[in-house]
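**Q** the sequence and its predicted three-dimensional model are supplied below.
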Amino acid sequence: MIHVVAIITAKPGKRDEILKNFKANVPAVHAEKGCIEYGATIDTDGGPFAKFGADTFVVIEKWASMDDLKAHGASAHMKAYGEKNKDLVANRAVHVLQNA
């Protein structure tokens, strides 16, 4: 199994717009071959925990194989999603992991 943790930081005040676009794209991603999990997360309220901040969200993904992840990245709907958000994103860090 392949795990992906993508940390997306929006330009100030643009996170909600990106999340709206993300949520609209989720059904297409869930329909992809090998998609086990794909969803956006944000900081919780309360507690002494580290925060990503108001402009950042984290995408948690699980894929059956690296080939499935590569196909996901090359899909038409992901290219369209990237194009729609290109002027809204300040930074993106994608970590691709495997079971230890």
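**A** Great, that's in hand.
**Q** would you map the helices across the chain?
**A** With helices called from DSSP state H, the chain shows them at 15-30, 66-74, 76-85.
**Q** for Asp55, find the nearest of those helices.
**A** Closest approach to Asp55 among the helices of the chain (Cβ to Cβ): helix 15-30, 5.2 Å. The C-beta positions use only the backbone N, C-alpha and C, and glycine is treated the same way.
**Q** in that closest one, what counts as buried?
**A** By 16 or more other Cβ atoms under 10 Å, the buried positions in helix 15-30 come out as 15, 18, 22, 25, 28-29.
**Q** pLDDT wise, what is Asp45 at?
**A** Turning to Asp45, the model gives it a pLDDT of 89.
**Q** skipping adjacent residues, who's closest to Lys84 in space?
**A** Spatial nearest neighbour of Lys84, excluding adjacent residues (Cβ to Cβ, 6 or more residues apart in numbering): Asn21 at 5.3 Å.
**Q** show me which of the buried residues of helix 15-30 is closest to Val89.
**A** Among the buried residues of helix 15-30, and counting by Cβ to Cβ, the member closest to Val89 is Ile18, at 6.9 Å.
**Q** so what's that closest one up against?
**A** Contacts of Ile18 were listed using Cβ atoms under 8 Å, 6 or more residues apart in numbering, and they are 8, 10, 57, 85, 88-89.
**Q** skipping its backbone neighbours, what lies nearest Gly39 in space?
**A** Closest residue to Gly39 apart from its sequence neighbours, by Cβ to Cβ, 6+ apart: Ile60 at 5.9 Å.
**Q** and that neighbour, how far from Ile18?
**A** According to Cβ to Cβ, to the nearest Å, Ile60 stands 16 Å off from Ile18.
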